[in-house]
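Colleague: the sequence and its predicted three-dimensional model are supplied below.
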Amino acid sequence: MTDQASTVNDHDGAPLLEVEGLVKRFPIRRGLFGSGSVHAVEGVDLHIRPGEVLSLVGESGSGKSTLGACVTGMSKPTAGRIRFAGEDVALASRRGRAQFRRRVQPVFQDPRSSLDPRWPIERTIREPLDAYRVGSPADRTARVAELMDLVGLPRHLSARQPRQLSRGQQQRVAIAAALALGPELLVADEPVSALDVSVQAQILNLLDELRNRLKLALLFIAHDLSVVEHLSDRVAVMYLGRIVETGPVERIFASPEHPYTRALIDAIPHADPGRKMSRIRLTGEIPSPVNPPSGCRFHPRCPVAIEQCRTVDPPQTHFDQTHSAACHVAAAGLAQRTSTISALSKGATS
Amino acid sequence: MSALVEFRDVGVDYARRGGIVSAVQNVSLTLEENETFGLVGESGCGKTTLSMALMGLLPASARVTGQLMFRGEDLFAMSESEHRRLRGDEVSMVFQDPATSLDATFGIGYQVAETVRAHRQVSRRESKARALELLREVGIPAAESRYSDPPHRLSGGMRQRVVMAAALANDPSLLLADEPTTALDVTIQAQVLDLLAALQRKHGTTILLIAHDLGVVAQICDRVGVMYAGQLVEVAPVGELFAAPRHPYTRALLDALPSRGRRGRALRVIGGQVPDLSHPPAGCRFADRCPHRMDVCATVPPLATSGAERQIACWLDPATRATAGLAPLPDSPTPNPAVPVGDPS
């Protein structure tokens, strides 16, 4: 079945990655007798198509990094299903899992902690090729040079150690190593947040270019919404382990449906003194994922919460084919708009 | 307005094994009473070194030149104990990571109360009452019941509020905030920025905000200074800096930001690398990366005053040229911003 895997994703428009009902809990001990679990991810559905950039946003503790770790296979989900190119990753044979790891690669926030400080960068980039015995040793040497060109690293740097490079160059090395095996999906967890503005611009341009050139899909985990807006096709907003809203990037930023999404967007400090942050502030902080609130998990902080929000967990409401949000108030708004429209059209026809 | 702090031609060098690192060079800058001044620049530009000089916290390897005047007294000429007294009475500091500013083993209220007692001769009961007052002022909910909580029971945002409460204990005339919101989530960052602005208004404190995020600076600062590789290259009121930056580095920095208008387009990139400050280039330190480089850039451009509130150090700029006795350039000084700055390396 692993041999089929490479052909499955050739179907146009078929998702490359599908996540269904994903749950990840971490057991904890409290005090002497107590125990419980951190509900890091609680029933997440998402998909990414080939060549698509999906951003996961949310505050720390929202579960976005845990979700990313499950997708790359670094963390084993408690429940739920992850399918890559149509194949269930958990059910795959050993060889199938090895294939999956080649096709999905992580990129981390701090290149200094993901690169071996003693290795010349050439070795770091070559290591995955050696591990998977890709081609002959000469092929691998050629591939390393090709990868360095691809990420914009001058070849004369190949013998340098990470500490002899700038932060931006280090992140380029990490990206080159992640690309070595020709993955179809990169899971990048805050890849630019440790970088200065001008270096950040270089790496964002590189990711955009790679995605266009290699048709690489990207799961981009980030807290900086202006970066997200720049790079993404679609956005999924997470809050306490749930996806509360998902949709095309333009829709999410122009007309968010969920009050949490609205609050996140309003809190972006713009580099434009004429455009002050909105005066509406989200009060309080994200609650502990050990004891998530009842009903809608966002209700204790929500400025528009109604009685129902305290008790009933809101289902996903679809605002159109690509845009959905889990919010009672937004759903009621949609229902009202729909009934007004149908009343108007009835009025027009009669 | 009157000057609270004046940097007069301040330079800071660090003695390292490999030689001397020139961390700050020829910085002249005035912080007025009752203003929020933002100091921006990328890692290693010297912004934190400047604030450390102000706090008297430079390492022993540092050699300073110039004068650093605080209410007319030169901090560099003071003895350690005089400096400490002044710092205790007048200056407070908030750092990026609140966890490093708080003691993990004591209750948060006790730590604020201790700070109060360090500054004023008051009884324990009075210091506790004052600590509670401060905790309430910075928005710690249920301050009384959290008084004995150790820092780890609080979130990062709440810990930063506690640090701010302690920083206010001496009713400082200058608050140094070094990346105070960098470790916080965007929603919490917005709350903390609101709090800083409110405290500034209420107490008339001068705030020196050090930040790499231009958005943060745009939101709460009155004036902004831009540093590059140890040199102060431009100072302007916040509106003018963002609307009409005059230094090529400031322009490049603003153009590198992702923003709504640039979606789907490549961001502008500043070619080259920040110079090695153990062997800094003579003259303007940005020259190697600047698309408008001229021969004269091998000489340090003087930081010239332009109009009432702007300062600029660039040989393209008529103000800098006039200060050095040079005529303005014939077709100066609006280089076409559409020209990309160098190539990415």
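Modeller: That came through, no problem. Residues are numbered from 1 along each chain as shown, chains lettered A, B, ... in the order given.
Colleague: now do the contacts for the closest residue to A:Thr311 other than its chain neighbours.
Modeller: Counting by Cβ to Cβ, 6 or more residues apart in numbering or on different chains, A:Thr311 lies nearest to A:Gly295, which is 4.8 Å off, once chain neighbours are set aside. In short, each C-beta sits where N, CA and C put it, glycine included. A:Gly295 is in contact with A:308-314, counting by Cβ atoms under 8 Å, 6 or more residues apart in numbering or on different chains.
Colleague: what are the boundaries of the strands in the chain?
Modeller: Assuming you mean chain A. Remark: strands assigned in chain A by DSSP state E are A:17-30, A:34-48, A:53-57, A:79-84, A:87-88, A:104-107, A:185-189, A:217-221, A:234-239, A:242-248, A:317-318, A:324-325.
Colleague: you looked at the wrong chain, it should be chain B
Modeller: B:3-16, B:19-32, B:36-40, B:62-70, B:73-74, B:91-94, B:174-178, B:206-211, B:223-228, B:231-237, B:304-306, B:310-312.
Colleague: can you add mean pLDDT and mean neighbour count and give those strands back as a markdown table?
Modeller: What follows is these, written out as a markdown table (pLDDT from 0 to 100; neighbours: other Cβ atoms under 10 Å in any protein chain shown):
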| stretch | mean pLDDT | mean neighbour count |
| --- | --- | --- |
| strand B:3-16 | 94 | 18 |
| strand B:19-32 | 94 | 20 |
| strand B:36-40 | 96 | 25 |
| strand B:62-70 | 95 | 17 |
| strand B:73-74 | 92 | 13 |
| strand B:91-94 | 92 | 23 |
| strand B:174-178 | 95 | 23 |
| strand B:206-211 | 95 | 25 |
| strand B:223-228 | 97 | 26 |
| strand B:231-237 | 97 | 24 |
| strand B:304-306 | 93 | 17 |
| strand B:310-312 | 96 | 23 |
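Colleague: remind me which residues of the stretch 51-200 of chain A are low pLDDT?
Modeller: By pLDDT under 70, the stretch 51-200 of chain A has no low-scoring segment.
Colleague: thinking again about what came up before, quick one: closest of the strands of chain B to A:Arg83.
Modeller: strand B:206-211 (43.2 Å; Cβ to Cβ).
Colleague: how much distance is there from the closest one to the middle of the chain?
Modeller: Distance, stretch centre to chain centre, for strand B:206-211: 5 Å (Cα atoms, centre = their mean, to the nearest Å).
Colleague: re earlier: write the ChimeraX selection for whichever of the contacts of A:Gly295 are buried.
Modeller: Applying 16 or more other Cβ atoms under 10 Å in any protein chain shown to those, the buried members can be selected in ChimeraX as follows:
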select /A:309,314
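Colleague: how about JSON lines for the contacts of A:Gly295, with distance to A:Arg95 and pLDDT added?
Modeller: Below are the contacts of A:Gly295 laid out as JSON lines (distance: Cβ to Cβ, whole Å; pLDDT from 0 to 100):
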{"residue": "A:Gln308", "distance to A:Arg95": "50", "pLDDT": "95"}
{"residue": "A:Cys309", "distance to A:Arg95": "48", "pLDDT": "95"}
{"residue": "A:Arg310", "distance to A:Arg95": "50", "pLDDT": "95"}
{"residue": "A:Thr311", "distance to A:Arg95": "48", "pLDDT": "95"}
{"residue": "A:Val312", "distance to A:Arg95": "45", "pLDDT": "96"}
{"residue": "A:Asp313", "distance to A:Arg95": "40", "pLDDT": "95"}
{"residue": "A:Pro314", "distance to A:Arg95": "42", "pLDDT": "96"}
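Colleague: from the contacts of A:Gly295, pick the one nearest chain B.
Modeller: A:Cys309 (18.7 Å; Cβ to the nearest Cβ).
Colleague: could you measure from that closest one over to A:Arg251?
Modeller: 23 Å (Cβ to Cβ, to the nearest Å).
Colleague: I'd like the strands of chain B as CSV, with distance to chain A appended.
Modeller: Below are the strands of chain B laid out as CSV (distance: least, Cβ to the nearest Cβ, whole Å):
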stretch, distance to chain A
strand B:3-16, 16
strand B:19-32, 17
strand B:36-40, 9
strand B:62-70, 23
strand B:73-74, 33
strand B:91-94, 17
strand B:174-178, 14
strand B:206-211, 10
strand B:223-228, 9
strand B:231-237, 9
strand B:304-306, 19
strand B:310-312, 15
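Colleague: quick one, which of those strands gets closest to A:Glu190.
Modeller: A:Glu190 sits nearest to strand B:206-211 of all the strands of chain B, at 18.7 Å, using Cβ to Cβ.
Colleague: quick one: contacts of the closest one?
Modeller: B:4-5, B:31-40, B:47-48, B:51, B:54, B:173-182, B:196, B:200, B:216-217, B:220-221.
Colleague: direction included, what does it pair against?
Modeller: strand B:36-40 (parallel), strand B:174-178 (parallel) (DSSP bridges).
Colleague: those helices in chain A, which residues are they?
Modeller: Along chain A, the stretches classed as helices by DSSP state H are A:2-8, A:64-71, A:94-103, A:111-114, A:121-131, A:137-150, A:167-179, A:197-214, A:225-231, A:249-254, A:259-266, A:307-311, A:328-349.
Colleague: the fourth one: which residues count as buried?
Modeller: Of all the residues in helix A:111-114, those buried under the rule 16+ other Cβ under 10 Å are A:111-112, A:114.
Colleague: closest one of these to chain B?
Modeller: Relative to chain B, and with distances defined as Cβ to the nearest Cβ, the nearest of the buried residues of helix A:111-114 is A:Arg112, at 12.9 Å.
Colleague: next up, the contacts around B:Tyr228.
Modeller: B:41-42, B:45, B:249, B:274, B:285-286.
Colleague: what bridges to it?
Modeller: B:Gln231.
Colleague: which residue packs closest to residue 147, ignoring adjacent ones?
Modeller: This is for chain A. Using Cβ to Cβ, 6+ apart, the nearest residue to A:Leu147 is A:Ala176, at 4.3 Å.
Colleague: you answered for a different chain; I wanted chain B.
Modeller: Spatial nearest neighbour of B:Tyr147, chain neighbours left out: B:Gly109 (3.2 Å); criterion: Cβ to Cβ, 6+ apart.
Colleague: ok, that neighbour - contacts?
Modeller: Contacts of B:Gly109 (Cβ under 8 Å, 6+ apart): B:128, B:131-132, B:135, B:143, B:146-148.
Colleague: also A:His223?
Modeller: Taking Cβ under 8 Å, 6+ apart, one finds A:57-60, A:190, A:193, B:185-186 in contact with A:His223.
Colleague: would you list those residues in TSV and tack on distance to A:Gln200?
Modeller: Output for these, formatted as TSV (distance: Cβ to Cβ, whole Å):
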residue	distance to A:Gln200
A:Val57	16
A:Gly58	20
A:Glu59	20
A:Ser60	19
A:Glu190	11
A:Ser193	8
B:Asp185	18
B:Val186	16
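Colleague: shouldn't A:Leu150 be in contact with A:Ala180?
Modeller: No. With contacts counted by Cβ atoms under 8 Å, A:Leu150 stays clear of A:Ala180, the gap being 10.2 Å.
Colleague: more neighbours: which of those two?
Modeller: The neighbour comparison of A:Leu150 against A:Ala180 (other Cβ atoms under 10 Å in any protein chain shown) goes to A:Ala180, with 24 against 17.
Colleague: what is the burial count for the residue lying closest to A:Val134 once chain neighbours are set aside?
Modeller: Among residues not flanking A:Val134 along the chain, A:Arg140 sits closest, at 6.4 Å (Cβ to Cβ, 6+ apart). Per other Cβ under 10 Å, the neighbour tally for A:Arg140 reads 20.
Colleague: for A:Leu204, same thing?
Modeller: A:Leu204 has 22 nearby residues by other Cβ under 10 Å.
Colleague: and it, what does it touch?
Modeller: A:192, A:227, A:230-231, B:258, B:267.
Colleague: right, I'll call it a day here.
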